[in-house]
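*Asks:* following is a predicted model, sequence given first.
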Protein chains: 2
Amino acid sequence: MAILVVGSVAFDGIETPSGKVERVLGGAATYFALSASYFTDVRVIGVVGEDFTAENEAVLTRRGIDTRGIEHVEGKSFFWSGSYMGNLNEAHTLKTELNVFQSFSPKIPVAYEDSEYLFLANIDPVLQADVRAKMPRVKLVCGDTMNYWINDHRSNLEKVLKGLDGLLINDTEAKLLANDGNLVRAAKEILALGPKSLVVKHGEYGATAFFSERTFPNEPRQVFLPFRAPALPLAEVVDPTGAGDSFAGGFFGYLASQPEFTPSTFKKAMFYGGVMGSFAVEKFGTERLQQLDRKEIEERFALFRELSHLE
Amino acid sequence: MAILVVGSVAFDGIETPSGKVERVLGGAATYFALSASYFTDVRVIGVVGEDFTAENEAVLTRRGIDTRGIEHVEGKSFFWSGSYMGNLNEAHTLKTELNVFQSFSPKIPVAYEDSEYLFLANIDPVLQADVRAKMPRVKLVCGDTMNYWINDHRSNLEKVLKGLDGLLINDTEAKLLANDGNLVRAAKEILALGPKSLVVKHGEYGATAFFSERTFPNEPRQVFLPFRAPALPLAEVVDPTGAGDSFAGGFFGYLASQPEFTPSTFKKAMFYGGVMGSFAVEKFGTERLQQLDRKEIEERFALFRELSHLE
């Protein structure tokens, strides 16, 4: 089933202990779409400027991603630069230039209207709500957010949270959103805000999913244990940029490829999320995500199982 | 098979967001022994002062722990106090009074000499080496250490590391010992110092085991993937004191209860370590570890499996 993703398509400047790139294709929707493209059809809604070349677009279309929803406007594309020199787990932002993103108003191409899966990547919750409202018939909606929206746009964000089947955020964001330093209590408070499920990403320690009674209404057992998926221990993280979006793409891409949404598919989706995140960080930018094949992905999935399962 | 553990038997003063205790039974060997006692016979080597009462000793003997190796001398027992008010993941030490521990010289009762498993809890590596030398015929030796010994007693510590089948430390200690912030590289460097295997404890994120070619010399496959065991997401951590020692007790206790040392028993031991750590933090001091039964332990083991396994 096709996924529609709305989010940033951008250029990034990145510095890590492994090296430096001045300007590479990036943005949450880009990482998400490339990652999800190994599992299902993906359609992107976003906006770019005149600096976005045919070759940039081809990075997406070569993976079969539908880019008709990427609007080209006058001006420069969203640009972000950051450094991981001090801490590979958290970027120190050097520059954020919203550029064409500042006046972005998402438009849904007619060809996208039958998308059954919707992913609201990390953008202004007003835009997330707008796209959600324009896609009333989707089967499953997941989304992401970040500290800035949690701190300064909370009431707008809360409106989005109410309509989510799943919220995917990291530890810091979860604890901030719930204003509670204990992850289990924070998860409970976040689920009370509306999302039917919550996936908290722990970087090198994997991810934990928390479920509510509403996650799987058709399952006989209404209260689920949390589920923990591992991350791959890596001797070198070349570039952590986009790891979370790649996780989301693997997670949601796998879910969209399955006929049913069940506890079992959710758990496997968590593993595929970790798998895609582990590939993303192996090279700068989206490079590694452009070159994968399903066989490599399945092999790494098997590795994730082996490193976490008793037998 | 019987485990001999050498380490501190002490009193602790503890303050956490859940409350405060002025003085409770503690010490690494105490937590370790109570935890391991649910799996196998345990014998303790340590030293206590005149303030260590018959009732304190009964906490151990009621669990069938052999305390004949706990030497009673004039003076006061080791006392430590710490606060977790700022950070539940790391104690802020308020007071350390070595007292009778200052002149401790471990003596092995004759009745202990046939112990096949030896655990060197976190004490001066000179004492660890001394006990190790006095037990030349043990089948498996694991041990712990801490920042203080890594920083200021490194050459003594390195002598101990060479003789270990397994070193159990936390992330901070592993990165400090290897002087490398990447866990996979740090693990490789630590294994090169001598331990045949390394278990790195991640607190609320579980633990990762790293293996060398020497871990399982009789296994056909000589290089093992790391193995990741989960921790239980808990809505309240009442008192983190002793969680690492309880992990070690569950881990090593389970190993000592098994006829063979294999990749499979090692992995299960990691889960039992997490299980015992998760119990330890539910109440102040050793209270929870005194009241368990094997059925509760097996139920929680099943829970650990359910929260981390795909099926």
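*Replies:* In hand now; what should we look at?
*Asks:* once you drop chain neighbours, what's closest to the residue in the stretch 151-300 of chain A that chain B sits nearest to?
*Replies:* Of the residues in the stretch 151-300 of chain A, the one nearest chain B is residue A:205, at a distance of 3.7 Å by C-beta to the nearest C-beta. For the C-beta atoms, the positions are set from N, CA and C on the backbone; glycine is no exception. Setting aside the residues directly before and after it, residue A:205 is nearest to residue B:205 in space (C-beta to C-beta, 6 or more residues apart in numbering or on different chains), at 3.7 Å.
*Asks:* follow-up on the earlier one: and the residue of the stretch 151-300 of chain A closest to chain B, how close does it get to residue B:84?
*Replies:* 20 Å (C-beta to C-beta, to the nearest Å).
*Asks:* comparing these two, which residue is more hemmed in?
*Replies:* When neighbours are counted by other C-beta atoms under 10 Å in any protein chain shown, residue A:205 and residue B:84 differ, and residue A:205 comes out ahead with 24 against 20.
*Asks:* in what helix or strand does residue A:299 lie?
*Replies:* Counting by DSSP states H and E, the element that carries residue A:299 is helix A:294-306.
*Asks:* that helix vs chain B: in contact?
*Replies:* Yes: among the residues of helix A:294-306, A:303, A:305, A:306 lie within reach of chain B under C-beta under 8 Å from any C-beta of the partner chain.
*Asks:* can you pull the buried residues of that helix?
*Replies:* Applying a neighbour-count criterion of 16 or more other C-beta atoms under 10 Å in any protein chain shown, one finds A:297, A:300, A:301, A:304 buried in helix A:294-306.
*Asks:* same check on stretch A:104-119?
*Replies:* By 16+ other C-beta under 10 Å, the buried positions in stretch A:104-119 come out as A:104, A:106, A:108, A:112, A:115, A:117, A:118, A:119.
*Asks:* and the second one, how far from chain B?
*Replies:* Okay, so that is residue A:106. Computed with C-beta to the nearest C-beta, to the nearest Å, the distance linking residue A:106 and chain B is 36 Å.
*Asks:* again with the fourth one
*Replies:* Relative to chain B, residue A:112 is positioned 33 Å away (C-beta to the nearest C-beta).
*Asks:* from what I see, that residue and residue A:66 are in contact.
*Replies:* Yes: using C-beta atoms under 8 Å, residue A:112 makes contact with residue A:66 at a distance of 7.4 Å.
*Asks:* list phi and psi for residue A:178.
*Replies:* In this entry, residue A:178 is assigned phi and psi values of phi -90, psi -10 (degrees, to the nearest 10).
*Asks:* how about the residues of the stretch 201-311 of chain A near chain B?
*Replies:* A:202, A:204-206, A:208, A:210, A:225-230, A:233-237, A:264, A:267-268, A:271, A:303, A:305-311.
*Asks:* next step: those residues restricted to strands.
*Replies:* Under the assignment DSSP state E, these contribute A:208, A:210, A:227, A:228, A:229 to strands.
*Asks:* so the second one makes contact with residue A:196?
*Replies:* Spelled out, that is residue A:210. No: Residue A:210 sits out of contact with residue A:196 when judged by C-beta under 8 Å, with a separation of 10.3 Å.
*Asks:* longest single helix anywhere in chain A?
*Replies:* Scanning chain A for the longest helix, with DSSP state H as the assignment, gives helix A:263-280.
*Asks:* from chain B, how far off is residue A:90?
*Replies:* Taking C-beta to the nearest C-beta as the criterion, residue A:90 is separated from chain B by 13 Å.
*Asks:* quick check, that residue in a helix?
*Replies:* No: under DSSP: H, G, I helix; E, B strand; the rest coil, residue A:90 sits outside any helix and is assigned coil.
*Asks:* check the burial of it by counting its neighbours.
*Replies:* Neighbour count for residue A:90, taken as other C-beta under 10 Å: 13.
*Asks:* contacts only, for it.
*Replies:* residue A:84 (C-beta atoms under 8 Å, 6 or more residues apart in numbering or on different chains).
*Asks:* okay, and the beta partners of the nearest residue to residue A:207 once chain neighbours are set aside?
*Replies:* By the measure of C-beta to C-beta, 6+ apart, the closest residue to residue A:207 outside its immediate chain neighbours is residue A:201, 4.7 Å from it. Beta-bridge pairing of residue A:201, defined through DSSP bridges, involves residue A:170, residue A:207.
*Asks:* next up, the contacts around the residue of the stretch 1-150 of chain A found nearest chain B.
*Replies:* Scanning the stretch 1-150 of chain A for proximity to chain B using C-beta to the nearest C-beta identifies residue A:88 as nearest, at 7.6 Å. Residues counted as contacts of residue A:88 (C-beta under 8 Å, 6+ apart) are A:16, A:17, A:237, A:240, B:181.
*Asks:* let me know the closest of those to residue A:293.
*Replies:* Compare each of these with residue A:293 using C-beta to C-beta and the shortest gap goes to residue A:237, at 22.3 Å.
*Asks:* was I right to think the closest one contacts residue A:281?
*Replies:* Yes: using C-beta under 8 Å, residue A:237 and residue A:281 qualify as a contacting pair, with a distance of 4.7 Å.
*Asks:* okay, these two: which has more neighbours?
*Replies:* For residue A:237 versus residue A:281, neighbours defined as other C-beta under 10 Å are more numerous around residue A:281 (25 against 21).
*Asks:* span of stretch A:48-64 from start to end?
*Replies:* Taking C-alpha to C-alpha, to the nearest Å as the measure, stretch A:48-64 stretches 19 Å from start to finish.
*Asks:* sketch out the low-pLDDT regions of the stretch 201-311 of chain A for me.
*Replies:* Filtered on pLDDT under 70, the stretch 201-311 of chain A yields the residue ranges A:221-223.
*Asks:* need the ones in strands among the residues of the stretch 201-311 of chain A next to chain B in TSV with neighbour count, can you?
*Replies:* Supplementary listing: those in TSV, determined by neighbours: other C-beta atoms under 10 Å in any protein chain shown:
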residue	neighbour count
A:208	26
A:210	24
A:227	24
A:228	27
A:229	28
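*Asks:* and which of these is nearest to residue B:41?
*Replies:* Comparing every one of these with residue B:41 (C-beta to C-beta), the shortest separation belongs to residue A:228, at 33.0 Å.
*Asks:* bridged to the closest one, which residues?
*Replies:* For residue A:228, the beta-bridge assignment (DSSP bridges) gives partners residue A:208.
*Asks:* and the pLDDT for the nearest residue to residue A:84 once chain neighbours are set aside?
*Replies:* With sequence-adjacent residues excluded and distances taken as C-beta to C-beta, 6+ apart, residue A:84 is closest to residue A:16, at 4.4 Å. Each residue has a pLDDT score; the one for residue A:16 is 96.
*Asks:* wouldn't the residue of the stretch 151-300 of chain A closest to chain B be in contact with residue B:203 here?
*Replies:* No: contact criterion C-beta under 8 Å: residue A:205 and residue B:203 do not qualify, at 9.5 Å.
*Asks:* and the ones in strands among the residues of the stretch 201-311 of chain A next to chain B, which is closest to residue A:151?
*Replies:* residue A:210 (22.1 Å).
*Asks:* contact partners for residue A:39?
*Replies:* Remark: with contacts taken as C-beta under 8 Å, 6+ apart, residue A:39 is in contact with A:250, A:253, A:254, A:256, A:257, A:272.
*Asks:* about what we covered before: ok, the residue nearest to residue A:207 - contacts?
*Replies:* Under the criterion of C-beta under 8 Å, 6+ apart, the contact partners of residue A:201 comprise A:168, A:169, A:170, A:171, A:207, A:244, A:247, A:277.
*Asks:* same question, residue A:211
*Replies:* By C-beta under 8 Å, 6+ apart, the neighbours of residue A:211 are A:196, A:197, A:223, A:224, A:225, A:226, A:227, A:263.
*Asks:* now, of those, which are buried?
*Replies:* The neighbour count (16+ other C-beta under 10 Å) marks A:196, A:197, A:224, A:225, A:226, A:227, A:263 as buried among those.
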